[in-house]
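A.B. asks: Dropping the sequence and predicted coords here.
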There are 2 protein chains.
Amino acid sequence: MHSMRRSESAQIAMMLEVCAYPKPGNVDRCHDYDDTWLEHFLASAILVRPAFAAAESSTTGMGDRIKEAVSLTAVHEGGNTHFGAYILLFPLIMGDGIAGAMDVIAQTTVDDALRFYEAFALTEVRMNETDELDVNDPQSAIHIRDEGLTLKDIISYSAPGDMVCREWSNGFALSRRVADYLLSAPDGKQAIVRAFFSLLATEPDTFIIKKHGTKVAEWTQARAKEVCRGTYAAEEFDEECLARGINPGSIADITIAGIYLALREGWDWESLGTA
Amino acid sequence: MHSMRRSESAQIAMMLEVCAYPKPGNVDRCHDYDDTWLEHFLASAILVRPAFAAAESSTTGMGDRIKEAVSLTAVHEGGNTHFGAYILLFPLIMGDGIAGAMDVIAQTTVDDALRFYEAFALTEVRMNETDELDVNDPQSAIHIRDEGLTLKDIISYSAPGDMVCREWSNGFALSRRVADYLLSAPDGKQAIVRAFFSLLATEPDTFIIKKHGTKVAEWTQARAKEVCRGTYAAEEFDEECLARGINPGSIADITIAGIYLALREGWDWESLGTA
């Protein structure tokens, strides 16, 4: 694949991630949820374009960009599909890579934080109900203003319990790992599923923890290890997760960021080399 | 799904068509070809955006727009994915519906014809080898200039043997039929496959005729009739077509145009109503 704009690479990353099969418990080319389908994820990847394009040309205004992305993709009925992915993709697009992303993050403002909360309110992303930064609570905005919290502060606040937010403080460590995995694999898009399983085997998915608790996240991790060792079939694990409503959504978001980085660094998703 | 720009509706139409399953012999969410994958079709749907956006704001320059679309989507290795669809989508976008499209078509120029031939040369679309308007023959361009042939003339020339080109002279009759089918169906995206089969059962696909001859096209049509009557399984027909390399590519192009029209007229692809 020839050179692409950063916005296009981000869209292609979203498309490649959702199509990759089999990904346990998540929407993929062979599985829809009842209310969120493959087509909803792909519609988001198409409709988000103007927000990504705007992010290419400015290193400020991340809150506006994220809010724009959520608005553009909230036109379908599939609910929020990519909020976590946007948290990772926008700094990476705006900063043109991880080093630049860390600079962009360091420069986020109180306004960015407020716009981010407005964006969050447009989604149905699961929140901790006891959270003092509750998006549905007008006091949160007042709290942000009074304390002078930037978007970086807000994301840091969520980092302990959210592996996507942690990427902002650890230099996109897991996104980098996915990218390195893909860049060293010979077999193009086929490697996405293996990168996904490799992360799932070593990292408890914080989206699963929030939704089902630590024990279920550990079970998922243990099963993923078996799949990596070849002692358990990925397809069977997938069906098991779907039946139990277990979806590693945060690892999916990080996988998208990893695909984006790999694409920017010349990864050939069309390679036909064998693993 | 709320209001979209025309360019976005065209992209969503391309996305919905390729995802629809089971479509006999064509790439769908469950089938790739060896060298053209679901992801290639979706990459085209993402990358074509600027050409569609430009088409929204001008009723002239169709040849440039088609050439731009082919260039933008020729960056992947999946080969030409949507040339036939572009022939239908560009007039429909530029004219904002069928009546406007017919006006836009009537106004095409010799320059449009020349750009169209240049676009064609960028693809690997199957041509009749004895064709006097061979895109690989520089004499074709001279012939177009000498005779003052417009893009409408060129498309008319191909109409007898090409059902996509015929849409330009018959007022997008089959695209309209697909749109009407979808608009009257209660079950959203599920209806795409039935619309596809309904066309396949009544119209010999000219892409199949060019590639395999009339007998194979008739066989495909007869099988599609059995599927519509419920006496033959769509999935089995699909596998049979894939094994024989039979792909109703022209009916797929017309289906995209039909989805586009339906979307513009308020069709709700997300409806969960049952058939």
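C.D. replies: Great, that's in hand. Numbering: from 1, shown residues only, chains lettered A, B, ... in the order given.
A.B. asks: Can you classify the residue in the stretch 151-275 of chain A positioned nearest to chain B as helix, strand or coil?
C.D. replies: Residue nearest to chain B within the stretch 151-275 of chain A (CB to the nearest CB): A:E270, separated by 4.7 Å. Every residue, glycine included, has its C-beta placed from N, CA and C. Assigned with DSSP: H, G, I helix; E, B strand; the rest coil, A:E270 falls in the coil class.
A.B. asks: Not counting its neighbours along the chain, what's nearest it?
C.D. replies: Counting by CB to CB, 6 or more residues apart in numbering or on different chains, the nearest residue to A:E270 once its immediate chain neighbours are dropped is B:E77, at 4.7 Å.
A.B. asks: Can you name the residues of chain A sitting close to chain B?
C.D. replies: Contact residues, chain A versus chain B (CB under 8 Å from any CB of the partner chain): A:1-4, A:8, A:11-12, A:15-16, A:19, A:29-30, A:37-40, A:42-43, A:45-47, A:49, A:75-78, A:189, A:269-270.
A.B. asks: Can you go through those residues and name the buried ones?
C.D. replies: Listed as buried from the residues of chain A next to chain B are A:1, A:4, A:8, A:11-12, A:15-16, A:19, A:29, A:37-40, A:42-43, A:45-47, A:49, A:76-78, A:189, A:269-270; burial here means 16 or more other CB atoms under 10 Å in any protein chain shown.
A.B. asks: Can you pick out the ones from those residues that are in helices?
C.D. replies: A:8, A:11-12, A:15-16, A:19, A:38-40, A:42-43, A:45-47, A:49 (DSSP state H).
A.B. asks: sorry, back to before: the residue nearest to A:E270 against A:S271, yeah?
C.D. replies: No. Judged on CB atoms under 8 Å, B:E77 makes no contact with A:S271 at a distance of 9.3 Å.
A.B. asks: and A:S71, how many neighbours does it have?
C.D. replies: 15 (other CB atoms under 10 Å in any protein chain shown).
A.B. asks: Now do the contacts for it.
C.D. replies: A:A119, A:L122 (CB atoms under 8 Å, 6 or more residues apart in numbering or on different chains).
A.B. asks: before we move on, what SS does it have?
C.D. replies: Strictly by three-state DSSP, A:S71 counts as helix.
A.B. asks: From A:N80, how far out is it?
C.D. replies: 12 Å (CB to CB, to the nearest Å).
A.B. asks: which residues of the stretch 51-200 of chain A fall in strands?
C.D. replies: Under the criterion DSSP state E, counting those that start in this stretch, the stretch 51-200 of chain A contains no strands.
A.B. asks: Report the residue spans of chain A with pLDDT below the cut-off.
C.D. replies: A:1-2, A:124-136, A:275 (pLDDT under 70).
A.B. asks: 50 instead?
C.D. replies: Chain A contains residues with pLDDT under 50 at A:126, A:129.
A.B. asks: Need phi/psi at the residue nearest to A:E270.
C.D. replies: Main-chain torsions, B:E77, degrees, to the nearest 10: phi -90, psi 10.
A.B. asks: can you give me the helices in the stretch 151-275 of chain A?
C.D. replies: A:151-158, A:163-169, A:173-184, A:190-202, A:206-212, A:214-229, A:234-244, A:249-264 (DSSP state H, counting those that start in this stretch).
A.B. asks: Now those helices in JSON lines, please, with extra columns for mean neighbour count.
C.D. replies: JSON lines is the format used below for the helices of the stretch 151-275 of chain A (neighbours: other CB atoms under 10 Å in any protein chain shown):
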{"stretch": "helix A:151-158", "mean neighbour count": "20"}
{"stretch": "helix A:163-169", "mean neighbour count": "22"}
{"stretch": "helix A:173-184", "mean neighbour count": "20"}
{"stretch": "helix A:190-202", "mean neighbour count": "21"}
{"stretch": "helix A:206-212", "mean neighbour count": "20"}
{"stretch": "helix A:214-229", "mean neighbour count": "17"}
{"stretch": "helix A:234-244", "mean neighbour count": "17"}
{"stretch": "helix A:249-264", "mean neighbour count": "27"}
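A.B. asks: B:L122 is nearest to which of those helices?
C.D. replies: helix A:249-264 (23.1 Å; CB to CB).
A.B. asks: Quick check: which helices or strands does that closest one pack against?
C.D. replies: Other helices and strands packing on helix A:249-264, by 3 or more CB pairs under 8 Å, 6 or more residues apart in numbering or on different chains; DSSP states H and E, are helix A:6-19, helix A:83-95, helix A:163-169, helix A:173-184, helix A:190-202, helix A:206-212.
A.B. asks: and the ones you listed as JSON lines, adding distance to A:D153?
C.D. replies: Shown next, in JSON lines, are the helices and strands packed on helix A:249-264 (distance: least, CB to CB, whole Å):
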{"stretch": "helix A:6-19", "distance to A:D153": "25"}
{"stretch": "helix A:83-95", "distance to A:D153": "14"}
{"stretch": "helix A:163-169", "distance to A:D153": "11"}
{"stretch": "helix A:173-184", "distance to A:D153": "20"}
{"stretch": "helix A:190-202", "distance to A:D153": "27"}
{"stretch": "helix A:206-212", "distance to A:D153": "19"}
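A.B. asks: Can you say which of the ones you listed is nearest to A:S156?
C.D. replies: Checking those against A:S156 by CB to CB gives helix A:163-169 as the closest, at 6.0 Å.
A.B. asks: could you say what helices and strands that closest one packs with?
C.D. replies: helix A:83-95, helix A:151-158, helix A:173-184, helix A:249-264.
A.B. asks: State the distance from the nearest residue to A:S3 once chain neighbours are set aside to A:L263.
C.D. replies: Leaving aside its chain neighbours, A:S3 sits nearest to B:V75 (7.8 Å; criterion: CB to CB, 6+ apart). Here B:V75 is placed at a distance of 12 Å from A:L263 (CB to CB).
A.B. asks: what's the answer for A:D28, then?
C.D. replies: 19 Å.
A.B. asks: repeat for A:T73
C.D. replies: 20 Å.
A.B. asks: distance of A:P91 from chain B?
C.D. replies: 21 Å (CB to the nearest CB, to the nearest Å).
A.B. asks: For that residue, list the residues it contacts.
C.D. replies: Contacts for A:P91 (CB under 8 Å, 6+ apart) come out as A:M62, A:A101, A:M102, A:V104, A:I105, A:W168.
A.B. asks: My guess is A:H82 contacts A:T73. True?
C.D. replies: Yes. If you go by CB under 8 Å, A:H82 and A:T73 touch, sitting 6.8 Å apart.
A.B. asks: and for these two, which residues touch both?
C.D. replies: What both A:H82 and A:T73 touch, as defined by CB under 8 Å, 6+ apart, is the set A:S44, A:V48.
A.B. asks: Just list the residues touching A:I98, thanks.
C.D. replies: A:I98 touches A:L92, A:G171, A:F172, A:S175, A:R176, A:L261, counting by CB under 8 Å, 6+ apart.
A.B. asks: and if you look at A:D162?
C.D. replies: A:T206, A:K210, A:S250.
A.B. asks: phi, psi of it?
C.D. replies: phi -140, psi 110.
A.B. asks: next one: A:H31
C.D. replies: Backbone torsions for A:H31, taken as degrees, to the nearest 10, come to phi -140, psi 130.
A.B. asks: which one is it nearest to, not counting chain neighbours?
C.D. replies: Per CB to CB, 6+ apart, closest to A:H31 is A:L242, 6.3 Å.
A.B. asks: do the same with A:G78
C.D. replies: In space, A:G78 is closest to A:H40, 2.6 Å off (CB to CB, 6+ apart).
A.B. asks: ok, now how distant is the one you found from B:G230?
C.D. replies: 30 Å.
A.B. asks: try A:D268
C.D. replies: In terms of CB to CB, A:D268 sits 44 Å off from B:G230.
A.B. asks: and if you look at A:M4?
C.D. replies: When A:M4 is compared with B:G230 (using CB to CB), they lie 45 Å apart.
A.B. asks: Centroid-wise, who is the farthest residue in chain A?
C.D. replies: In chain A, the greatest distance from the average C-alpha position (CA atoms, centre = their mean) is reached by A:D146, at 29.9 Å.
A.B. asks: What are the neighbouring residues in contact with the residue lying closest to A:E56 once chain neighbours are set aside?
C.D. replies: Distances taken as CB to CB, 6+ apart place A:R6 nearest to A:E56, at 5.2 Å, with adjacent residues excluded. Going by CB under 8 Å, 6+ apart, A:R6 touches A:F52, A:A55, A:E56, A:I93, A:D96, A:R264.
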